[in-house]
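> Got a sequence here, can you model it:
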Amino acid sequence: MTAVDIIIQNTNKQPIYEQINSQIRDMILSGKLKEGEALPSMRLLAKELRISVITTKRAYEELERGGWIVTITGKGSFVAGADRELLREERLNKVEEALCRAVEASRPLQLSLEDMEEMLRLVYEEE
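Coordinates of the predicted model:
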């Protein structure tokens, strides 16, 4: 993984370490980062993103606490072995959140369940 994969948005109200954390988690969930794959060192990531090493350290510490990565002293940080059921639940949660946002967006338009089902069917079949 290179720091180019991480995009920091200064206009985002989310702290930088959380932006890093969520983007790395998303890459793990999507399979873009695989189990055992090395992450860039905290110093390299900080340099490439032009941020403080303290910020990257905090992001990595949070990822480690959450079980997303493991850090081996002298070797670096790596994507942790994944519990497949936990990953599935995380992905299902993301789908559910997206569906909730879609339902909320449909309410002012007074779309029926049938309308929503048809829209979902069309989007699903496009893939």
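
> Helix or strand for the residue positioned nearest the centre of the chain, just tell me which one.
Among the residues of the chain, D26 comes closest to the average C-alpha position under CA atoms, centre = their mean, at 2.2 Å. Here D26 sits within helix 16-30, counting by DSSP states H and E.

> State the next helix or strand along the chain beyond that helix.
helix 42-49.

> Could you check the pLDDT of M1?
Per-residue pLDDT puts M1 at 57.

> Specify the angle between the worst-scoring helix or strand of the chain on mean pLDDT and helix 16-30 in degrees.
One helix or strand of the chain scores below all others by mean pLDDT, DSSP states H and E: helix 84-106, with a mean of 86. Computed by axes from the mean of the first three to the mean of the last three CA atoms, to 10 degrees, the angle separating helix 84-106 from helix 16-30 equals 110 degrees.

> picking that back up, for the helix holding D26, C-alpha coordinates in PDB please.
The C-alpha coordinates for helix 16-30 follow below in PDB (Å, rounded to 0.1, in the frame of the first residue of the first chain):
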ATOM      1  CA  ILE A  16      -7.000  13.300  10.000                       C
ATOM      2  CA  TYR A  17      -6.200  10.200  12.100                       C
ATOM      3  CA  GLU A  18      -9.800   9.100  11.700                       C
ATOM      4  CA  GLN A  19      -9.700   9.700   8.000                       C
ATOM      5  CA  ILE A  20      -6.600   7.500   7.800                       C
ATOM      6  CA  ASN A  21      -8.200   4.900  10.000                       C
ATOM      7  CA  SER A  22     -11.400   4.600   8.100                       C
ATOM      8  CA  GLN A  23      -9.700   4.500   4.700                       C
ATOM      9  CA  ILE A  24      -7.400   1.700   5.800                       C
ATOM     10  CA  ARG A  25     -10.400  -0.200   7.300                       C
ATOM     11  CA  ASP A  26     -12.300   0.300   4.000                       C
ATOM     12  CA  MET A  27      -9.300  -1.100   2.000                       C
ATOM     13  CA  ILE A  28      -9.200  -4.100   4.300                       C
ATOM     14  CA  LEU A  29     -12.900  -4.700   4.000                       C
ATOM     15  CA  SER A  30     -12.900  -4.400   0.200                       C
END
